[in-house]
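In: test case, fold it:
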Amino acid sequence: MNIFKKIVERKVLILLTVIFIMILGCYALFNLDSELTPEVGLDSASITIQAGDLNITDVEQRIITPLEQELLEIEGIETFESTARTGEGSVQVLFASGRGGELVKEVESVVNTSMSQLPEVESTKVVQSGTGTNYEFIMDISGGDMNKISSFAENILKPRLEELPQVGDVALAGITKHKVNIIFNGKEMAQHSLDNLAVIDLILQINDEAVLGEITDDGSEAALHWNTRFTNIDDIKNIQVPSENGNISLKEIADVALEPLENTSNVWKNGSKDFVLVQVARPADVSQLDMTNAVRDELAEISKEELAEGITLNEIVAHSDFVEDSMGDVTANILIGGIIAIVILLLFLRNIRATFIIGLSIPASLLLTFVAVWLLDYSLNMLTLIGLGLGIGMMVDSSIVILESIYRKKEQGLSNLQAVLEGTTEVAGAIIASILTTIVVFVPIGLIGGDIGRMMIILSVVVSITLISSVLVAFTLIPVLAEKLIKIRKPKRLKKRKNKIYNWYQSMLTWIISKKRRSFAVVFIFIGVFFTSFLLVSKIPMSIMPDMFNRYTEIAVALDNGVTNEEKQNLAEEINEQLKTIYDVEANYVLDQGNMFIIVANMTKGNQIQQSQDKVTEEILRTLRALREHEPIRNVQTALTGVGGYPIQINISGKEFEELEMMANEISEELKTIDGIVEITDSIENASNIKEIRLNKEAMEEDGLSELQVKQEVEQYLLQKPIGEMVVNKERIPIHVTVNQDNNTENSLLDLKISTLNGNKELSNYIHLENNNLPETITHTQGERYISVLADIEDSDLGTINREVQEVISNYESPDGYSVSIAGELEQQDDLLNDIIFVLVISIFLVYFVMAVQFNHLGHPLIVLSAVPLSIIGVILGLFITQKDLNLMSGMGVIVLVGIVLNNAILLVDRTNQLRKKGYPLDEAIVTASENRIRPIFMTTLTTVGAMLPLALATGMSADYQAPLATVIISGMLFATVITLVLVPSIYKLISKQKTRVRVEKSEENLLQEEIN
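Out: Okay, here's the model as predicted:
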């Protein structure tokens, strides 16, 4: 009590401190960066190794396998997965928690050292993963001649944007580029006895620029400069080639043409290629908003200078807009929630001054939280704002309990100072216990595995800071203001306060606890409802993470092997025609990425919306999947799933590809029987037919041939290589050489004449070709080969599908040496669920620990903890009724709920213990404590629910993140209130012993009556 007396006596200090915190909080708020998700360095890295034309098996055996052995020696690497492709190897590495920044350097050193010994390796790259998207501002340029658009994009827009300090990189797609094709005519070359390599060497020597030396003229020295670089196509056509018949022009023995470079105009907008796609990335130390504003300002300046005359610049997506929209939505919901909380307080207290005091505690607590967030160098993002949204509902709880206690003491007739001191002291222990139990719930959050856990720590820290801020304000500002501002006219208001609800509750509770069998009946009823509610779990949608983008989606369309450019053009046009039939698709962009199209779909917004985003995405998927019947499409899947890739992934590990493929086919057939699974494929479905050259070394030795000679003959016959470039109007145009053979078949190659010591002989004497079907990719996990069966989900949810897929795997009998396991989102969902359950158990133990110390009793915390499992009934009912997803955010809500639902139970048990210490009989102590605490319990519950309500009903940008979490808290809190007022007193009665000692203190009503008399 002494500390609270000193606080009240230092009113000026407290008020000035609050004013200072508010000023500092406003400064911190305006200086916080804004971004969609927090930028954190994650504990993973990707390794990419380029190996020229090295075939896939050599990449696996010579690059991937040795590198995996090196990685196994690095302490701190938890898992790694690798992929081998023709000419490329990649490895995804997961580090121990918190060691990503340290270990990525060691990995980079190991990669560089081991790969430097292999001459086939052209380059290596090691990149630590992060949550940021590479390109966060995307636009297109259209409305003119493609040459003009390309020139503007390359020579004006790209350099201007890259000069901005807020811009890190600018990528252009759809630029019209060219190449020079030189196609040697095999017959003409043979007639003039010309060698392909000799002519190529001649072209390289002519296309040269160099300083040949120095000459002296009139005593001064000057460099002698040679420049015969090609500046136009005619320079190449007119090259003079020496032959047996004299010099001839290159155009006489080869077709020379300037042609568009394939796969450069690889983007379509609404089926048309007449535009250039511009993607802009930012440096790590620049926010999304700053980058977007700088780009928009520069675009306005370019337009002002009339540099884009006749050209249309159109924004496709700016991630900062998602940031601003979501920030605005969350901020508005927080404000609305705060207003609702204040209105509820006014209805309960019916005292404007008391409501003003509580209302003042909200901005004071929030601004103190902003100061702490600023000092921790956090940003304003989805997670921090959701944390503040949670806090707004809970931050008034402590203030309400203290103010209500002071208010009740004044109703009893105590003086202002005495009411403040006794009222605050009476509930201080319960508030401290409540806040500690809420905060320790978040301590185990860091045990959630992987990158998601690290991001959830941020949410936990923000909520904890908010609660600590609210308690500091409650113990300082509330007593100081309550002493002078709270006025009570007549102490007899205590009797008026006992209305019909109080009388009904008192009668019901007295009846329940009067007989132990009735208390037992209440307990068994709740237990029965608890287990019955789990029947609804299978009816609740499940996912991992909600979509963070509003009215925008990306779809990945995998193409068949060998799709030509003409077929791609036709397919892009057909995709556009199909998507035009979906009203809510405003525009579509198709990005060609080799054997895959990435389709970006912008959806209607505002009043034009007819269907929700998830419905539009499902309709897009159904429409595109229908094209498989007559278009070269292998499968269609979402590209923005929150995690990425196929939601269903089953890994089959083993050694032999034939056995793996057979097992994949069997499992695929099993998956086809599950409703909701579509687009079933596997990672080796897209196999390549490779012809392996086998040498007849005995014949080669007899005729004096070496391996190098045979290789050169084959390379010349199938010649296709770049031989430099020429520069025309600042465009670097590559020069490619090929050989035009009349019959470029296997037989024509084998019939090729090769010069030997024993005369010209056919190449078939020295080589033969073997067919070898190899997958386009070979994947390893922890050094072991595996293939994946992949599938997408339609008209179902991940949780329902997960249970059926698990059953398929458990019933499948694997051969010896082979194993089948889930991966991808299914594995992540299982891991996440296990992590949340583990965190929940640890949290509950820590809560028990705190309460046992607070109550100095091992049994009383169990009474409070009874509210935790039974509040899950409300969670299940809330998610079932609203059909909100059970995902990471709603799981986080369950953990938060553990801390919240205990607060009211602690208040009730703490007050009961106080009364029993004063000598109240057990039943009277329970009933009186329940009467004393029913008003603050209702007030804290309804203010929390009221503050959460806008988040639960949100429909804007951040709805998918806010709504599941808020729904869990609202439904859980409402049900927990019933538990607190009915079940907790019943359990208290059952586990407590009746004491018969006489009261040592008078009841509060008797004290009040004495004051009145």
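
In: for the chain, longest helix please?
Out: As assigned by DSSP state H, the longest helix anywhere in the chain is helix 450-485.

In: buried ones in that helix?
Out: Buried positions in helix 450-485, judged by neighbour count with 16 or more other CB atoms under 10 Å: 450-483. The way it works is simple: take the backbone N, C-alpha and C, and place the C-beta from them, glycine included.

In: output stretch 572-590 as CSV, nothing but the C-alphas.
Out: C-alpha atoms of stretch 572-590 as CSV (Å, rounded to 0.1, in the frame of the first residue of the first chain):
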residue,chain,number,x,y,z
ALA,A,572,-1.4,-17.2,-74.1
GLU,A,573,-4.2,-16.0,-76.3
GLU,A,574,-6.5,-18.8,-75.3
ILE,A,575,-5.8,-18.2,-71.6
ASN,A,576,-6.7,-14.6,-72.1
GLU,A,577,-10.0,-15.5,-73.9
GLN,A,578,-10.9,-17.9,-71.0
LEU,A,579,-10.0,-15.4,-68.3
LYS,A,580,-12.1,-12.7,-70.0
THR,A,581,-15.2,-14.7,-69.3
ILE,A,582,-14.5,-14.3,-65.5
TYR,A,583,-16.1,-11.0,-64.6
ASP,A,584,-13.9,-10.3,-61.5
VAL,A,585,-10.6,-10.7,-63.5
GLU,A,586,-9.7,-7.2,-64.5
ALA,A,587,-6.4,-7.9,-66.3
ASN,A,588,-4.1,-10.8,-66.8
TYR,A,589,-0.4,-11.1,-67.4
VAL,A,590,1.3,-14.3,-68.6
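
In: helices of the stretch 701-850 of the chain, start to end?
Out: Taking DSSP state H, counting those that start in this stretch as the test, the helices found in the stretch 701-850 of the chain are 707-717, 746-750, 798-811, 824-855.

In: ok and the longest one relative to helix 450-485, angle-wise?
Out: Taking axes from the mean of the first three to the mean of the last three CA atoms, to 10 degrees, one finds that helix 824-855 is oriented at 40 degrees with respect to helix 450-485.

In: let me know the average pLDDT across the next helix or strand after helix 824-855.
Out: Downstream of helix 824-855, the first helix or strand assigned by DSSP states H and E is helix 860-865. Average pLDDT, helix 860-865: 79.

In: next SSE after helix 860-865?
Out: Next in sequence after helix 860-865, counting helices and strands by DSSP H and E, comes helix 867-882.

In: for residue 3, grab the count of nearby residues.
Out: 12 (other CB atoms under 10 Å).

In: can you name every helix or strand that the helix or strand that contains it contacts?
Out: Element membership of residue 3, judged by DSSP H and E, is helix 2-9. Packing partners of helix 2-9 (3 or more CB pairs under 8 Å, 6 or more residues apart in numbering; DSSP states H and E): helix 416-440, helix 450-485.

In: so which of the ones you listed comes closest to residue 211?
Out: Residue 211 lies closest to helix 450-485 among these, at 54.7 Å (CB to CB).

In: what angle separates that closest one from helix 2-9?
Out: For helix 450-485 against helix 2-9, the angle by the same axes, to 10 degrees is 70 degrees.

In: now do helix 450-485: distance to the chain's middle.
Out: Taking CA atoms, centre = their mean, to the nearest Å, one finds the center of helix 450-485 at 27 Å from the center of the full chain.

In: quick one: mean pLDDT for that helix?
Out: Average pLDDT, helix 450-485: 80.

In: any regions of the stretch 901-1013 of the chain where pLDDT drops low?
Out: 954-961, 993-1013 (pLDDT under 70).

In: please repeat the previous calculation with a cut-off of 80.
Out: Scanning the stretch 901-1013 of the chain for pLDDT under 80 picks out the ranges 901-904, 907, 935, 940, 943, 947-948, 951-952, 954-963, 992-1013.

In: got the residue ranges for the strands in the stretch 501-650 of the chain?
Out: Along the stretch 501-650 of the chain, the stretches classed as strands by DSSP state E, counting those that start in this stretch are 552-559, 585-592, 596-603, 633-638, 648-653.

In: out of those, which gets the lowest mean score?
Out: Comparing mean pLDDT across the strands of the stretch 501-650 of the chain, the weakest is strand 633-638, with a mean of 78.

In: that strand versus strand 596-603: what angle between them?
Out: Going by the same axes, to 10 degrees, strand 633-638 is angled at 40 degrees with respect to strand 596-603.

In: just checking: what are the partner strands of strand 633-638?
Out: Strand 633-638 pairs in its sheet with strand 552-559 (antiparallel), by DSSP bridges.

In: chain center to the helix holding residue 3, what's the gap?
Out: On CA atoms, centre = their mean, the centre of helix 2-9 falls 48 Å from the chain's centre.

In: mean neighbour count, the helices of the stretch 701-850 of the chain: which tops it?
Out: Mean neighbour count (mean count of other CB atoms under 10 Å) peaks for helix 824-855 among the helices of the stretch 701-850 of the chain, with a mean of 18.

In: related to what we said a few turns ago, redo the helices and strands packed on helix 2-9 as CSV? Include distance to residue 555.
Out: CSV is the format used below for the helices and strands packed on helix 2-9 (distance: least, CB to CB, whole Å):
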stretch, distance to residue 555
helix 416-440, 42
helix 450-485, 24
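
In: nearest to residue 363, out of those?
Out: helix 450-485 (9.7 Å).

In: give me the pLDDT for the residue located most distally from the centre of the chain.
Out: Ranked by distance from the centre of the chain (CA atoms, centre = their mean), the top residue is residue 218, with 72.5 Å. pLDDT, residue 218: 72.

In: any idea how far it is from residue 211?
Out: According to CB to CB, to the nearest Å, residue 218 stands 20 Å off from residue 211.

In: residue 74 now?
Out: 49 Å.

In: now do residue 224
Out: Applying CB to CB, the value for residue 224 to residue 211 is 7 Å.

In: same question for residue 577.
Out: According to CB to CB, residue 577 stands 59 Å off from residue 211.

In: now do residue 308
Out: From residue 308 to residue 211 the distance is 41 Å (CB to CB).

In: between these two, tell me which one has more neighbours.
Out: Neighbour totals were compared for residue 308 and residue 211, and residue 308 leads with 19 against 9 (other CB under 10 Å).

In: let me see the contact set for the more buried one.
Out: With contact taken as CB atoms under 8 Å, 6 or more residues apart in numbering, residue 308 is in contact with 141, 152, 156-157, 302.

In: repeat the analysis, applying 10 Å as the threshold.
Out: 141, 143-144, 149, 152, 156-157, 299, 302 (CB atoms under 10 Å, 6 or more residues apart in numbering).

In: one more: residue 873?
Out: Neighbour list for residue 873: 526, 529-534, 536, 971-972, 975-976, 978-979 [criterion: CB under 10 Å, 6+ apart].

In: quick one: secondary structure of residue 54?
Out: Of the three states, residue 54 takes coil under DSSP: H, G, I helix; E, B strand; the rest coil.

In: quick check: phi and psi on it?
Out: As for residue 54, its main-chain torsions (degrees, to the nearest 10) stand at phi -60, psi 130.

In: helices or strands up against the helix or strand containing residue 681?
Out: Here residue 681 sits within strand 677-682, counting by DSSP H and E. Other helices and strands packing on strand 677-682, by 3 or more CB pairs under 10 Å, 6 or more residues apart in numbering; DSSP states H and E, are helix 613-625, strand 633-638, strand 648-653, helix 657-671, strand 784-793, helix 798-811.

In: and the angle for the third one with strand 784-793?
Out: Spelled out, it's strand 648-653. 160 degrees.

In: now do strand 648-653 and strand 677-682, the angle between them.
Out: 20 degrees.

In: who does strand 648-653 pair with, and is each partner parallel or antiparallel?
Out: In the sheet, strand 648-653 lines up against strand 784-793 (antiparallel), strand 819-823 (antiparallel) (DSSP bridges).

In: buried ones in it?
Out: Buried residues in strand 648-653, counted by 16+ other CB under 10 Å: 648-653.

In: can you lay out the residues you listed as a markdown table showing distance to residue 281?
Out: Formatted as a markdown table, the buried residues of strand 648-653 follow (distance: CB to CB, whole Å):
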| residue | distance to residue 281 |
| --- | --- |
| 648 | 32 |
| 649 | 29 |
| 650 | 35 |
| 651 | 33 |
| 652 | 37 |
| 653 | 37 |
